[in-house]
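build me a model from this:
(chains A and B)
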Amino acid sequence: MPLKPTCKEVHRLTSESMDRELTMVERARVRMHLLVCHACRNFTDQMAMIRHAMRRMIPDGDKGGDSE
Amino acid sequence: MTSTLHRELDALRPALVRFAVLQLRNEALAEDVVQDALIAVLEKPDRFAGQSSLRTYVTGILKHKIVDVMRASKREFRIEAEDGQSDADAIDALFTPDGHTVDMPRQWGDPDATLEQKDFFRVLETCLDRLPARTARIFMMREWLELDTDEICKELGISASNAWVMLYRARVQLRECLDLNWFGQR
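Sure, this is the predicted structure:
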């Protein structure tokens, strides 16, 4: 494990944090990296958005307008 | 009242089947499970009165039915563990050798505003449809059926670390598809 967390590691941990609890060290590494990395902050927001969208997704009966 | 419900459920059926197929990857099984869900609604139509929209209600029932089907017929849903090479390559391509992102992930803007738009969900559905079958299945189990990793591993017969890799891969692919086909268009 390199001293400084890379985007590659943080991307992976961001995804894994959605499926398991990260260790304290992992959490600290992610937090440290996010402070300085705009790219990973955006990625994190995108992951959250995808989860949010999936939970909201319900089949849409009619292809045209919607009465809801 | 009942006939209105019948009509509304009929209108929903194709969409429900599409979703069930995304999860089950089996048209006949998907038809069956949707049929079961619709019968459950018709048997107790008063259950949903005033609760939420019919779509939301039926979707909830459909999810339970799909989980039941998967639990009942475990072997069918086992998947090969990923061999990992092509996946590792796909992930590697996102990063420079020293671990930085090659492209800056863009800001997707206000999530609530996006989720208000029905067209967004059509693009999302298309993107899910484009995922490789087993990737889509595990992703749908996690994010649509909201099963936890333990249960997913049990149903699919894979290890936890395998599941994490596959879910990561699914999210990355979905992210790219949405970025290209939705956020990139706006």
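
identify the residue nearest B:W164 in space, chain neighbours excluded?
In space, not counting the residues next to it along the chain, B:W164 is nearest to A:E16; the distance is 5.0 Å by CB to CB, 6 or more residues apart in numbering or on different chains. Yep, even glycine has a C-beta here, placed from its N, CA and C like the rest.

how many neighbours does that neighbour have?
Close neighbours of A:E16, defined as other CB atoms under 10 Å in any protein chain shown, add up to 21.

the top helix by length along chain A: which residues count as buried?
As far as residue count goes, and with DSSP state H defining each element, the longest helix of chain A is helix A:38-56. Taking 16 or more other CB atoms under 10 Å in any protein chain shown as the neighbour-count basis, helix A:38-56 is seen to contain the buried residues A:39-44, A:46-47, A:49-50, A:53-54.

that helix vs chain B: in contact?
Yes: using CB under 8 Å from any CB of the partner chain, a contact is recorded between helix A:38-56 and chain B, made by A:38-40, A:42-43, A:45-56.

got the contact list for stretch B:94-105?
A:2, A:6-9, A:11, A:38-40, A:42-43, A:46, B:93, B:172, B:175, B:179 (CB atoms under 8 Å, 6 or more residues apart in numbering or on different chains).

quick one: end-to-end length of that stretch, please.
10 Å (CA to CA, to the nearest Å).

tell me the mean pLDDT for that stretch?
Here stretch B:94-105 scores 90 as its mean pLDDT.

next one: stretch B:15-23
Averaging the model's pLDDT scores along stretch B:15-23 yields 91.

also stretch B:44-62?
On average, the pLDDT along stretch B:44-62 is 79.

next, the buried residues of that stretch.
Residues B:48, B:54-55, B:57-59, B:61-62 are the ones in stretch B:44-62 that count as buried (16+ other CB under 10 Å).

one step back: centre of the chain versus the longest helix of chain A, how much separation?
Its chain's C-alpha centre and that of helix A:38-56 lie 5 Å apart, by CA atoms, centre = their mean, to the nearest Å.

now stretch B:56-72
Centroid displacement of stretch B:56-72 relative to its chain, using CA atoms, centre = their mean, is 12 Å.

pull the residues that contact it.
Contacts to stretch B:56-72, defined as CB under 8 Å, 6+ apart, come from residues A:58-59, B:9, B:12, B:16, B:19-20, B:23-24, B:29, B:32-34, B:36-38, B:40-41, B:47-48, B:51, B:77, B:141, B:144-147, B:155.

without its sequence neighbours, what residue ends up closest to the residue of chain B found nearest chain A?
Here chain B gets closest to chain A at one residue, B:G99, 2.7 Å apart by CB to the nearest CB. Leaving aside its chain neighbours, B:G99 sits nearest to A:T6 (2.7 Å; criterion: CB to CB, 6+ apart).
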